[in-house]
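>>> Any chance you can model this:
(one chain, ligands or ions: 1)
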Amino acid sequence: MAKMLIGGELVDAQGGKTIEVRNPANGEVVGQIPRGTPADVDAAVDAARKAFPGWAATPGSKRAKLMHQAAMKMHEVVDEVAELLAKEQGKPLAHAKIEAQRVAENLEYFAGLADKIRGDYIPLDDPSKFGITMRRPVGVVAAITPWNFPLTLFANKLCPALATGCTIVLKPASTTPLATQRAIEAINSAGFPAGVINTVHGSGGEIGDALVSHGRINKIAFTGQTATGKRIMQLAAKNVTRVTLELGGSDAMIVADDADIRRATAAAAIGRFFNAGQACLAVKRIFLFEKIAEEFMTKFTERAQKEWKIGEQFAADTKMGPLHTEQQRTEVESQVADAVKRGAKVLAGGKRPDGPEYAKGWFYPATVLTDVPEDSRMATEEVFGPAVPLFIVKDLDEAIAKSNSSIYGLGSSIFTRDMAKARKAAEQLDAGYTWVNDIQVAYDQLPFGGAKQSGFGKEHGIEAVESYTEKKSVVLGSA
Ligand code: NAD
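Just a heads-up that it's a prediction; the model follows:
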């Protein structure tokens with residue numbers, strides 16, 4: 001049974017209760033975690049609080065060294081962590097391995113920044129004095145992560161926290177805690193002082209609430225649904241705790257009449273079907289210029305039918321595992337059913353796969369729809385699964401206006417050979433990211449975060465370091 005890491009010790013929940021973690025491909029129990037209580041949250045926050053002054057005062061170069069060592073420890077357990085992740089989340093083993101390796105890479109990237117955090121010299125009108133700014137770590141961070149990319153998303157919070165001198169209490173999703181816990185234990189074994197890194201396990205309603213409304217935390221770094229983000233903002237208001245919210249998305253891809261259709265269909269397929277469509281940055285709506293619409297539809301449908309083989313996570317030819325939960329599959333099915341009922345045509349997928357190998361899991365195929373009404377659920381809600389609507393537009397203005405009609409604004413992309421169109425899209429799409437002729441993946445070096453109801457605040461890049469520090473102004477007068 002997995003444990004929680006609190007104050008340097010691996011512990012069970014106070015009260016001794018546990019939660020079972022199941023494999024979404026067959027429903028089998030793959031492990032158990034402690035069912036944490038508000039008292040465990042108190043203990044974890046206390047430990048993080050106690051460790052904070054010492055860790056904040058540790059020189060950046062020493063923090064960097066420990067983080068490099070932690071990256072090596074992480075490399076050593078990549079296979080073990082990936083296997084746990086594939087089992088509990090449902091993604092193919094090869095993809096789980098990439099995700100586990102990315103944790104080590106993220107540690108290395110932020111280790112490189114740990115000793116480069118500094119302020120400014122600011123001359124003042126009065127020559128007898130001057131100002132400086134210093135960046136101080138914000139304090140104790142409560143990090144809350146979802147189940148779709150559990151490792152990537154805890155690393156996005158842990159690494160800048162460690163680099164800046166913050167301490168942290170991590171709460172993974174209760175359906176994907178095992179890989180995170182194992183990875184944290186490996187990272188912690190590099191020799192971080194007790195209390196710098198802590199974990200608590202349990203459901204959002206039970207201990208998530210207790211953690212985000214705790215009076216002794218200084219920042220909430222949250223990734224998850226927009227509805228949960230709204231609740232967290234309300235809870236954070238109680239103590240005026242700062243929040244970073246990475247929420248849902250409904251990313252638009254625009255394919256112009258001069259696009260390279262082979263590249264565009266490849267990027268659209270990876271963008272929509274990778275991780276069984278359960279990605280915040282997935283391509284969730286596709287806008288096609290009339291001239292290329294038919295060619296795109298034919299080629300994209302062919303990719304959806306031939307290239308995205310569904311199966312259990314450990315089969316070598318699986319490209320798409322099951323959806324993560326029954327509720328997730330039911331939600332996607334009901335969004336597709338709503339569109340079909342209102343006149344949409346299914347070009348690929350659209351119903352559960354037949355066969356005994358799929359009977360016990362939450363499998364759903366790569367699904368492509370056209371003639372989807374613009375006020376249907378597929379067009380207006382986030383579709384968190386492998387189903388995508390294709391829309392036809394007459395020009396770029398219409399494509400941009402429709403892309404921007406969503407309440408979300410996370411990512412966006414355009415395929416075109418015309419620099420004027422690319423530039424206009426980059427300037428006018430309301431989103432935190434625009435890719436031009438490229439696959440929608442995030443980069444360590446580039447700030448990442450949404451607009452509108454996709455949230456605010458940045459992860460990745462130097463901007464992440466900034467969001468874990470507070471700029472303080474100091475005036476130095478003459479003695
Ligand atoms: P979710 O909001 O249901 O859960 C996320 C986490 O919040 C879990 O750990 C959960 O236990 C916790 N939680 C739930 N209620 C809480 C509460 N009241 N207080 C504190 N914590 C609480 O999200 P999910 O279904 O696990 O994840 C899918 C969603 O996440 C999608 O909407 C997706 O777009 C979004 N997402 C966004 C990004 C991004 O970077 N913008 C990345 C990945 C996923």
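>>> Show me the shaky parts of the stretch 1-150 of the chain.
In the prediction, the stretch 1-150 of the chain carries no residues with pLDDT under 70.
>>> so where do the strands sit in it?
Counting by DSSP state E, counting those that start in this stretch, residue ranges of the strands within the stretch 1-150 of the chain are 4-6, 9-11, 18-22, 29-34, 121-123, 130-137, 140-144.
>>> Contact partners for K299?
Neighbour list for K299: I261, R262, T265 [criterion: CB atoms under 8 Å, 6 or more residues apart in numbering]. Every residue, glycine included, has its C-beta placed from N, CA and C.
>>> Quick one: buried ones out of the residues you listed?
I261, T265 (16 or more other CB atoms under 10 Å).
>>> Return only those of the contacts of K299 found close to the ligand.
Among those, proximity to the ligand is found for none (CB under 6 Å from any ligand atom).
>>> List just the nearest of the contacts of K299 to F192.
Lowest distance from F192 to the contacts of K299 (CB to CB) belongs to T265, with 45.6 Å.
>>> pretty sure the closest one belongs to a helix, no?
Yes - T265: assigned to a helix according to DSSP: H, G, I helix; E, B strand; the rest coil.
>>> Select, out of the strands of the stretch 1-150 of the chain, the one closest to V436.
Here strand 140-144 is closest among these (CB to CB), at 32.0 Å.
>>> I'd assumed V336 was in contact with E381.
No - the pair E381 / V336 is not scored as a contact, 11.7 Å apart, by CB atoms under 8 Å.
>>> Of those two, give the one with the bigger neighbour count.
V336 (26 against 17; other CB atoms under 10 Å).
>>> Relative to the ligand, how far out is that one?
When distance is defined by CB to the nearest ligand atom, to the nearest Å, V336 is 18 Å away from the ligand.
>>> Also D438?
18 Å.
>>> Check P38 too.
Per CB to the nearest ligand atom, P38 is found 12 Å from the ligand.
>>> With distance to A86 and pLDDT added, can I get the contacts of K299 in CSV?
Below are those laid out as CSV (distance: CB to CB, whole Å; pLDDT from 0 to 100):
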residue, distance to A86, pLDDT
I261, 33, 98
R262, 30, 98
T265, 27, 98
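>>> can you tell me which of the contacts of K299 lies nearest to the ligand?
T265 (23.4 Å; CB to the nearest ligand atom).
>>> which parts of this structure sit against the ligand?
Taking CB under 6 Å from any ligand atom, the part of the chain that reaches the ligand is made up of 144-149, 153, 171, 173-174, 203-205, 208-209, 212, 223-225, 228, 231-232, 246-249, 280, 382, 384, 410, 450, 454-455.
>>> The same query, at a cut-off of 5 Å, please.
Within reach of the ligand by CB under 5 Å from any ligand atom, the chain has these residues: 144, 146-147, 173, 204, 208-209, 212, 223-225, 228, 231, 246, 248, 280.
>>> Show me the beta-bridge partners of the residue lying closest to I122 once chain neighbours are set aside.
Once flanking residues are discounted, I122 sits nearest to G131: 4.0 Å by CB to CB, 6 or more residues apart in numbering. Under DSSP bridges, the beta-bridge partners of G131 are I122, V475.
>>> could you say which helix or strand contains the most centrally placed residue in the chain?
Central residue of the chain (CA atoms, centre = their mean): L153, 4.7 Å from the mean position. Per DSSP states H and E, L153 falls inside helix 150-164.
>>> what angle separates that helix from strand 130-137?
Between the axes of helix 150-164 and strand 130-137, defined by axes from the mean of the first three to the mean of the last three CA atoms, to 10 degrees, the angle is 140 degrees.
>>> other SSEs contacting helix 150-164?
helix 60-76, helix 78-89, helix 93-111, strand 140-144, strand 167-171, helix 178-188, strand 219-223, helix 461-467 (3 or more CB pairs under 8 Å, 6 or more residues apart in numbering; DSSP states H and E).
>>> Spit out the contact partners of whatever residue of the stretch 1-150 of the chain ends up closest to the ligand.
Nearest to the ligand in the stretch 1-150 of the chain, going by CB to the nearest ligand atom, is P146, at a distance of 3.0 Å. Contact analysis of P146 by CB under 8 Å, 6+ apart lists L153, A173, T223, G224, Q225.
>>> what residues are up against the closest residue to the second one other than its chain neighbours?
Think A173. Leaving aside its sequence neighbours, A173 sits nearest to W147 (CB to CB, 6+ apart; 3.9 Å). W147 sits next to Q89, A173, T175, T176, H324 when contact means CB under 8 Å, 6+ apart.
>>> ok, 6 Å please
By CB atoms under 6 Å, 6 or more residues apart in numbering, the contact list for W147 reads A173, T175, T176, H324.
>>> again with Q14
With the criterion set at CB under 6 Å, 6+ apart, Q14 makes contact with T37, A39, D40.
>>> Most neighbours out of those residues, which is it?
Highest neighbour count within these, by other CB under 10 Å: D40, with 27 neighbours.
>>> Touching, G432 and A451? I think so.
Yes - between G432 and A451 there is a contact under CB atoms under 6 Å: 5.5 Å.
>>> between those two, which one's more packed in?
Neighbours of G432 and A451, each counted by other CB under 10 Å, are more numerous for G432; the result is 24 against 18.
>>> ok, now how distant is that one from G455?
To G455, G432 is 9 Å away according to CB to CB, to the nearest Å.
>>> and what of G15?
The span separating G15 from G455 equals 34 Å under the rule CB to CB.
>>> do the same with P160
Computed as CB to CB, the P160 to G455 distance reads 16 Å.
>>> Just want to know which of those two has more residues nearby.
Comparing P160 with G455 by other CB under 10 Å, the one with more neighbours is P160, at 31 against 27.
>>> Name the nearest residue to the more buried one, sequence neighbours excluded.
A464 (4.1 Å).
>>> What number of residues are in the vicinity of the one you found?
Per other CB under 10 Å, the neighbour tally for A464 reads 29.
>>> Distance of it relative to A183?
With CB to CB as the criterion, A464 and A183 are 19 Å apart.
>>> swap in M297?
For M297, the distance to A183 (CB to CB) stands at 41 Å.
>>> Please identify which of these two sits among more neighbours.
The neighbour count for M297 versus A183, taken as other CB under 10 Å, is higher for A183 (30 against 19).
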